[in-house]
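>>> Okay, predicted coordinates and the sequence, questions at the end:
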Amino acid sequence: MYELGDALANVKEKSEHKSEYLQILEGVKGDDQCKRLSSQFIARFYSSFPDLSEQSINAMLDLCEDISVDIRKQAIKDFPALCRDNNKTNLAKIADFLTQLLSTEDHSEITIIQNSLMTLFRRDPQGAIMGIFSQVDIGVDVVRERALKFLHTKLKTGASDLLNKDAQAQIVAEVKKVFASENGVTAEDFQRLMALLNYTNLPKTVAGQLEIVNMIMSMAELDKTADFEYTSADLTDRLLQCAQQCIPFFSAAVKSTPFCEYICVKVLPHYHQLQDLPDIDTRAQLVKMLAELTIHIGGLEDASTCAKNVFERLIDYMPLPPAEEDGSLAETPAIEFTKVECLMFTFHSVGRQCETFLKEDEERLKDFKIRLQYLARGVTGYLKKLKEFLNSPAGRKADSEDVKIKKIALRSTENIQTMIKDLFHSPPHYKANICLSWKPLDAKGRMVAEKRRMITAPDAGKGDTNSAEKKARMGMRQLYMDSQDKKNKSVKPTVSNYQPAKRSARPAGLYQPPTGQYSGKIKNPIVWDE
C-alpha cells in the first residue's frame, strides 16, 4: 500500500496509473492497517480518477461500516476529502451517507460524523442540507431526530456564517417537503423545523410570514368540509401547537381568519369533549390562543355561526344568579376569570361582524344581561380584593411571583369590566379597544407590538429515541408532545347552559362576591427565547 501511494504521489499524470488506484480500492478488503491506508489514499487521489468515482465512494462506505470502530472513524474523517477542490458533484450523496451513520451509539464516533458533516456544510451548505434532509424525510426515527438536532444546534450559533441565499432557500424547500410528507412529524420535530425556518430570511418579510403561516395551516389540516375529530388527543395537540406557532406571524397584513374561523365553527361545538393533554389545561389553552388569533382577524365567511358558538361557550362560564327557594342567595360558584376574559374578548371581536346576533333574540339578550349583571358584581368584588392586596406591603414586592399573577389578574378583571359595559349597552356595541391581560402595554396603556421571538427547539442533549419511551405518532409519526394518558376520562357536558330567563323575582339577600381565583393553569408547550 505504501508503494502504491508513493507511485501515485510521484507522477504528474495520475490518470495513467489507474491500475495502482484500483489496487488501493481493493485494500478495503485487507487487514486493519491496510484499510486505514486505503482510506487515506482514496481521499488523497480520488479527484484524479473521476471515472472511478462510484467505486471509490462504495469502497469508503465499506470502511464506514467496518466492524472495527477505529476503521470507521478513520473513513468517516477522510470521507469529506472526496469533495475538496470544488468537487461538489457527490457532496449531497456523501452527506446523506454520513447522516445515516448517526444511528451509532458510540459518542466519539457521532462527534467525528458531525465534524465531517460540518466540513461538507462549509464547502457547500446547500448540498449538505439536501443530503441531511434526505434522512430527515425518510430516515429511521433515531437518525431523523439526531439529524434535526445537529442542524438546529449548529445553525443556532452559526447560521449567519453557514447559510447563504441558496442554502436558506433549500431549507425552506426541505421543510415544506417534510411538512407535506405522508410520514408526518413528531411534536419535537415540528418545533425544530420551525426553528430552522427562523434561521432564514423568510420570517423577515410579509410575504415570507404569509408563506410560513400557509405551511403551518396546511400542517394543521383545517378542512372546513370535515368535522373535527375531537376524540383524538393527537389532533387536539396538533391543532394547539400549530396555532401557537402561527400566532407570532399574524399581523395587520397577515390575517388569522382561516384559523380563527375553523376553531369557532369546527372545534368550539365540541369544547367540553376535547381530550385532556398531559400537564395542559386544554380548554384554557384553546380559548387563550383563540383570543390571540382574533386580534388580527379579517372578514369571516360565517360570522353568525362563529358568534353563536363563541357566545354559547362564553355563557358556560357566566352563571345566572343562584337562589334558594326562599329567595336568598345560594353558594356562589367559582368564576374562571381567565376563560371569561378570553371568550368575552373573542365574542367582542367576532360580534363586530355580526351585531344583529344579540339584537335578533330578545329572550337571549335579556338572559345575557342578567348574567352580565351578576358577573359585573363578581368582577367588582374581585377587583376590590385585588387592589387591596396590591396596595398592601405584600403587594409592593415587585419580584414576587404572586404579585405578578395578581397584576395580570387585575388587568384581566378590568378588561372584563370594560367589555361588560359595552355588551350591557342598549343596544350592545363593540367599541372598546382591549389589550389582553398577558400582553405588554406601553406607558399610555396601549398594546405594544411584540417583536417576534425566536422559537427554541427542545434541548439537543435530551430525549434520545433509543430510550424505551417513544413519542406517539400520527400514522407512522403522530404530532404529540408527550405520551398519552390512556385512562378513561369522564364525559363532560356537551351543551351550553343557556336557558331563557324565567319570569321570577330576583333573589334577595346580601351579595357574596365569587370566590374563584385567577386561573394560572395556562401552560405553553412551546418555549420562547427573548
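Thanks, I have the structure now.
>>> pLDDT weak spots in the protein?
86, 323-334, 441-530 (pLDDT under 70).
>>> And the next helix or strand past the longest helix anywhere in it?
For the chain, the helix with the greatest residue count under DSSP state H is helix 362-390. Next helix or strand after helix 362-390 toward the C-terminus (DSSP states H and E): helix 401-424.
>>> Counting by contacts, list what that following helix packs against.
Where contact means 3 or more C-beta pairs under 8 Å, 6 or more residues apart in numbering; DSSP states H and E, helix 401-424 is packed against helix 337-351, helix 362-390. Quick note: C-beta positions are derived from backbone N, CA and C, even for glycine.
>>> List the buried residues of that helix.
403, 406, 408-416, 419-420, 422-423 (16 or more other C-beta atoms under 10 Å).
>>> what's the closest of those residues to Ile280?
Ile408 (18.8 Å; C-beta to C-beta).
>>> Now do the closest one against Lys439, distance only.
Distance from Ile408 to Lys439, counting by C-beta to C-beta, to the nearest Å: 10 Å.
>>> deepest of the helices and strands packed on helix 401-424, which one?
helix 337-351 (a mean of 26; mean count of other C-beta atoms under 10 Å).
>>> which residues sit against the helix or strand in which Thr119 is found?
Per DSSP H and E, Thr119 falls inside helix 107-123. Residues from elsewhere that reach helix 107-123 (C-beta atoms under 8 Å, 6 or more residues apart in numbering): 69, 72-73, 76-77, 79-80, 83-84, 88, 91, 94-95, 98-99, 101-102, 104, 127-129, 131-132, 146, 150, 154, 162.
>>> residues of it that come out buried?
So, applying 16+ other C-beta under 10 Å, buried residues of helix 107-123: Glu109, Ile110, Ile112, Ile113, Gln114, Ser116, Leu117, Met118, Thr119, Leu120, Phe121, Arg123.
>>> can you put those residues in a markdown table and add distance to Pro319?
As requested, those are exported to a markdown table (distance: C-beta to C-beta, whole Å):
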| residue | distance to Pro319 |
| --- | --- |
| Glu109 | 64 |
| Ile110 | 59 |
| Ile112 | 65 |
| Ile113 | 61 |
| Gln114 | 59 |
| Ser116 | 65 |
| Leu117 | 60 |
| Met118 | 61 |
| Thr119 | 66 |
| Leu120 | 64 |
| Phe121 | 60 |
| Arg123 | 67 |
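>>> Looks like Lys224 contacts Phe259 (just checking).
No - in this structure, Lys224 is not within contact of Phe259 by C-beta atoms under 8 Å, at 11.6 Å.
>>> So between those two, which is more surrounded?
Phe259 (25 against 11; other C-beta atoms under 10 Å).
>>> list the contacts for the more buried one?
Phe259 sits in contact with Met217, Ala220, Leu222, Ala243, Cys246, Leu293, where contact means C-beta under 8 Å, 6+ apart.
>>> same deal with Ile297?
Lys255, Ser256, Thr257, Cys260, Ser349, Val350.
>>> Of those, just say which sits nearest to Ala394.
Ser349 (35.7 Å).
>>> I'd like the distance between the closest one and Glu292.
11 Å.
>>> quick one: contacts for Met60?
Counting by C-beta under 8 Å, 6+ apart, Met60 touches Ser39, Ile42, Ala43, Ala75, Asp78, Phe79, Leu82.
>>> Could you dump the residues you listed into a markdown table with distance to Val178 and secondary structure added?
As requested, those are arranged in a markdown table below (distance: C-beta to C-beta, whole Å; DSSP: H, G, I helix; E, B strand; the rest coil):
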| residue | distance to Val178 | secondary structure |
| --- | --- | --- |
| Ser39 | 33 | helix |
| Ile42 | 33 | helix |
| Ala43 | 32 | helix |
| Ala75 | 29 | helix |
| Asp78 | 31 | helix |
| Phe79 | 25 | helix |
| Leu82 | 27 | helix |
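>>> need those residues in a markdown table with neighbour count, can you?
Listed next are these as a markdown table, based on neighbours: other C-beta atoms under 10 Å:
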| residue | neighbour count |
| --- | --- |
| Ser39 | 29 |
| Ile42 | 27 |
| Ala43 | 20 |
| Ala75 | 28 |
| Asp78 | 22 |
| Phe79 | 28 |
| Leu82 | 21 |
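>>> Generate CSV for these, with distance to Gln23 as supplementary columns.
Listed next are the contacts of Met60 as CSV, based on distance: C-beta to C-beta, whole Å:
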residue, distance to Gln23
Ser39, 14
Ile42, 11
Ala43, 16
Ala75, 18
Asp78, 18
Phe79, 20
Leu82, 19
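>>> Closest one of the contacts of Ile297 to Asp141?
Ser256 (33.3 Å).
>>> Would you state the strands of the stretch 201-350 of the chain in chain order?
Under the criterion DSSP state E, counting those that start in this stretch, strands are not mapped anywhere in the stretch 201-350 of the chain.
>>> Count the neighbours of Gly30 for me.
Neighbour number of Gly30 under other C-beta under 10 Å is 13.
>>> Over to the one 5 residues further on?
As a burial measure, Lys35 scores 24 neighbours (other C-beta under 10 Å).
>>> Checking it next. Helix, strand or coil?
helix (DSSP: H, G, I helix; E, B strand; the rest coil).
>>> need the contact list for it.
Taking C-beta under 8 Å, 6+ apart, one finds Gly27, Val28, Leu63, Asp66, Ser68, Ile71, Gln74, Ala75 in contact with Lys35.
>>> now do 7 Å
Contacts for Lys35 (C-beta atoms under 7 Å, 6 or more residues apart in numbering) come out as Gly27, Val28, Leu63, Asp66, Ile71.
>>> I'd like to know how far it sits from Cys83.
21 Å.
>>> Need the residues that contact stretch 299-312.
For stretch 299-312, the surrounding residues in contact (C-beta under 7 Å, 6+ apart) are 257, 261, 264-265, 268-269, 343, 346-347, 350-351, 353-354, 357, 496, 498.
>>> related to what we said a few turns ago, the helix holding Thr119: what's the following helix or strand?
That would be, after helix 107-123 and using DSSP H and E, helix 125-138.
>>> Tell me the buried residues in the helix or strand that that next one is followed by?
Counting by DSSP H and E, the next helix or strand C-terminal to helix 125-138 is helix 141-162. Neighbour-count burial for helix 141-162 flags 141, 143-156, 159, 162 (criterion: 16+ other C-beta under 10 Å).
>>> by contact count, what packs against helix 141-162?
The criterion is 3 or more C-beta pairs under 7 Å, 6 or more residues apart in numbering; DSSP states H and E, and the helices and strands that helix 141-162 contacts are helix 91-100, helix 107-123, helix 125-138, helix 187-198.
>>> Adding distance to Ser232, write the ones you listed out as JSON lines.
Listed next are the helices and strands packed on helix 141-162 as JSON lines, based on distance: least, C-beta to C-beta, whole Å:
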{"stretch": "helix 91-100", "distance to Ser232": "32"}
{"stretch": "helix 107-123", "distance to Ser232": "36"}
{"stretch": "helix 125-138", "distance to Ser232": "25"}
{"stretch": "helix 187-198", "distance to Ser232": "14"}
